[in-house]
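*Asks:* dropping a prediction and its sequence here:
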Amino acid sequence: MSRSPNQDSGENPKDDSRRDTTVQGMYRLVGIGFEFACTVGVMALLGWYLDRRWNTTPRYLLVGLAVGFAAGLYLLIQSARSSFKD
């Protein structure tokens, strides 16, 4: 009589399904956070570059941070909305 690996370890197949869903959700959250951080970072770097080029420190850095934060927040909200639709 052969047993499946789940029967040998005493695990329930439903637990594997829940674990997969949890890991998938964690990856989605990490992706959303990374997207937000990259958006803010790229816009801040662009602002820093423009400040150095035109010698206007810290005007464009602050503008870049504000625009990056707003764009990142917009993307975060869009991702959250699509997550709740699933």
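*Replies:* Nice, I can see it.

*Asks:* please make it C-alpha for all contacts and neighbour counts, starting now.
*Replies:* OK.

*Asks:* show me the shaky parts of this structure.
*Replies:* Scanning the chain for pLDDT under 70 picks out 1-11, 13, 86.

*Asks:* ranges for the helices of it?
*Replies:* 5-9, 13-54, 59-85 (DSSP state H).

*Asks:* which non-adjacent residue is nearest the residue minimising distance to the centre of the chain?
*Replies:* By C-alpha atoms, centre = their mean, the chain has its centre lying nearest to Ile32, at 1.7 Å. In this structure, Ile32 finds its nearest non-sequential neighbour in Leu76, 6.3 Å apart by C-alpha to C-alpha, 6 or more residues apart in numbering.

*Asks:* so that neighbour makes contact with Cys38?
*Replies:* No - the criterion here is C-alpha atoms under 8 Å, and Leu76 misses it with Cys38 at 11.9 Å.

*Asks:* quick one: distance of stretch 35-48 to the chain centre.
*Replies:* 14 Å (C-alpha atoms, centre = their mean, to the nearest Å).

*Asks:* can you check stretch 33-42 too?
*Replies:* Centroid separation for stretch 33-42 versus its chain: 8 Å, with C-alpha atoms, centre = their mean.

*Asks:* tell me which residues of it are tucked away?
*Replies:* Judged by neighbour count using 16 or more other C-alpha atoms under 10 Å, the buried positions of stretch 33-42 are 35-36, 39-41.

*Asks:* how near is the spatially closest residue to Ser79 that is not a sequence neighbour to Thr39?
*Replies:* Leaving aside its sequence neighbours, Ser79 sits nearest to Ile32 (C-alpha to C-alpha, 6+ apart; 7.2 Å). Counting by C-alpha to C-alpha, to the nearest Å, the separation of Ile32 from Thr39 is 11 Å.
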